[in-house]
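In: here is a sequence with its predicted model. Questions after.
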Amino acid sequence: MGKRKRVDIAHLHIYYGRLTSSILKPLKTRKIPVVQSLHEYKLICPVYTLERNGNICEACVTGTSANCVRYRCRDNSLHKSALLWLEHNLSRLHGSNRLIDRFICVSDFQREMFVRAGISEHKLITLHNFVDAKSVQPKIDKPRQDYLLYFGRIEKLKGVPTLLEAVAGTDIKLKIAGVGAWSAELRERVRRMPNVEYLEFVSGEPLKQLVAQARAVVVPSEWYETFGLTALEAKAVGTPVIASRIGGLTEVIREGEDGFLFEPGDVESLRTALKTLEKADIAAMTNAARQDVASRFSPETYLARLLDIYATTINETHT
């Protein structure tokens, strides 16, 4: 056998699933520092989402994870919920918290939620996601058009019903792209709404064109978004964003500069934001959005910060 190569650090993402927390002990045995990027809430919520029966749920954040079984959080099934609870606790037993040197959160909101759940504050650090502006730029630039765009999963907790109610009976043009559990209901509702167009699933270049040509992208989520990548991708092509004041979205949107925030689930608050958009200087917001992405959310900014996290973790682990 050849000489074993030196490993400076291990960076985990969503390692659970086919892999399990059993991979952690061998890493620690070899004294390899371990960092993990947190993309959801699995460490503090057995069903990963902080959601139960279509509503936000924090029962396991400040209480026991057994609430997952008590409330049958997975598909209202005792069996499925018990299996997730068991997996969650076995994972913790094998070191999913104890054997990780540093957790990288994608937003301050997510980090603070983990602190509330009892995860060591020293282990938690925020590193926002990034977007490569070139990758989301459409091949052909066309003039901006007078429509709003929602793109993403078609779910109630994504705020799609609230968005429909806000534009109902108005002359605001709205395009919706995506599929999900609420798609059938959406199709039925838009039949009675001539100002709304449901495009179903759209991806690739057609989606890039839709985003770049929209007057604004609307992100009406009513769930604890860990970050808000949809909003960031819109900003990368200079499209202003109207978003719920919830989760990590508040860290992506700068109120009045490159977008507007409204209270989640509040139809009147959303309508107020839409009216404010009508009077806004879209050209100025476009420039502000692109500049902010280049400054705070570029691949270069992300890499520099990530390397700093690596260096700090390695230094702390070996001292």
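Out: On my side now, so go ahead. Numbers count the residues shown, from 1 in each chain.

In: all helices of the stretch 51-200 of the chain, in order?
Out: 59-62, 67-70, 78-93, 108-116, 133-136, 160-167, 183-190 (DSSP state H, counting those that start in this stretch).

In: closest one to Ile253 among these?
Out: helix 108-116 (12.8 Å; Cβ to Cβ). Placement of C-beta: from N, CA and C, glycine included.

In: and for the closest one, what's in contact with it?
Out: Helix 108-116 has contacts (Cβ atoms under 8 Å, 6 or more residues apart in numbering) with 38, 41, 43-44, 50, 61-62, 103, 105, 121, 124-126, 224, 226-227, 247-248, 250-251.

In: pull the longest helix from the chain.
Out: With secondary structure taken from DSSP state H, the chain has its longest helix at helix 299-317.

In: keeping just the C-alphas, turn it into CSV.
Out: The C-alpha coordinates for helix 299-317 follow below in CSV (Å, rounded to 0.1, in the frame of the first residue of the first chain):
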residue,chain,number,x,y,z
PRO,A,299,-18.1,33.1,-5.4
GLU,A,300,-14.9,35.0,-4.6
THR,A,301,-16.4,36.4,-1.4
TYR,A,302,-17.7,33.0,-0.4
LEU,A,303,-14.4,31.2,-1.1
ALA,A,304,-12.3,33.7,0.9
ARG,A,305,-14.6,33.4,3.9
LEU,A,306,-14.7,29.6,3.6
LEU,A,307,-10.9,29.3,3.6
ASP,A,308,-10.8,31.5,6.7
ILE,A,309,-13.2,29.2,8.4
TYR,A,310,-11.1,26.2,7.4
ALA,A,311,-7.9,27.9,8.8
THR,A,312,-9.5,28.8,12.1
THR,A,313,-11.0,25.4,12.6
ILE,A,314,-7.7,23.6,11.8
ASN,A,315,-5.8,25.9,14.1
GLU,A,316,-8.3,25.5,17.0
THR,A,317,-8.4,21.7,16.6
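
In: low-confidence ranges, the stretch 1-150 of the chain, go.
Out: By pLDDT under 70, the low-scoring segments of the stretch 1-150 of the chain are 1-4, 18.

In: buried set for the longest helix of the chain?
Out: Under the neighbour-count criterion of 16 or more other Cβ atoms under 10 Å, helix 299-317 has 301-302, 305-306, 309-310, 313-314 buried.

In: identify the residues contacting the closest residue to Gly54 other than its chain neighbours.
Out: Nearest-residue entry for Gly54: Lys156, 5.6 Å, with adjacent residues in sequence omitted and distances by Cβ to Cβ, 6 or more residues apart in numbering. Applying Cβ under 8 Å, 6+ apart to Lys156 gives the contacts 54, 181-182, 222.

In: if we go to 10 Å?
Out: 54-55, 162, 180-182, 185, 222-223 (Cβ atoms under 10 Å, 6 or more residues apart in numbering).

In: and if you look at Glu51?
Out: Glu51 neighbours (Cβ under 10 Å, 6+ apart): 41, 45, 57, 73, 155, 157, 222-224.

In: what number of residues lie near Val35?
Out: For Val35, the neighbour count with other Cβ atoms under 10 Å is 22.

In: also Asp281?
Out: Neighbour tally, Asp281, other Cβ under 10 Å: 10.

In: please flag which of the contacts of helix 108-116 sit within strands.
Out: Taking DSSP state E, the ones among these that sit in strands are 38, 103, 105, 124-126.

In: rewinding a little: mind checking which of the contacts of Lys156 are buried?
Out: Judged by 16+ other Cβ under 10 Å, buried ones among these: 162, 180, 182, 222-223.

In: dump those to CSV, plus pLDDT and distance to Leu12.
Out: Formatted as CSV, these follow (pLDDT from 0 to 100; distance: Cβ to Cβ, whole Å):
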residue, pLDDT, distance to Leu12
Thr162, 98, 36
Gly180, 96, 28
Trp182, 96, 33
Glu222, 97, 30
Trp223, 95, 24
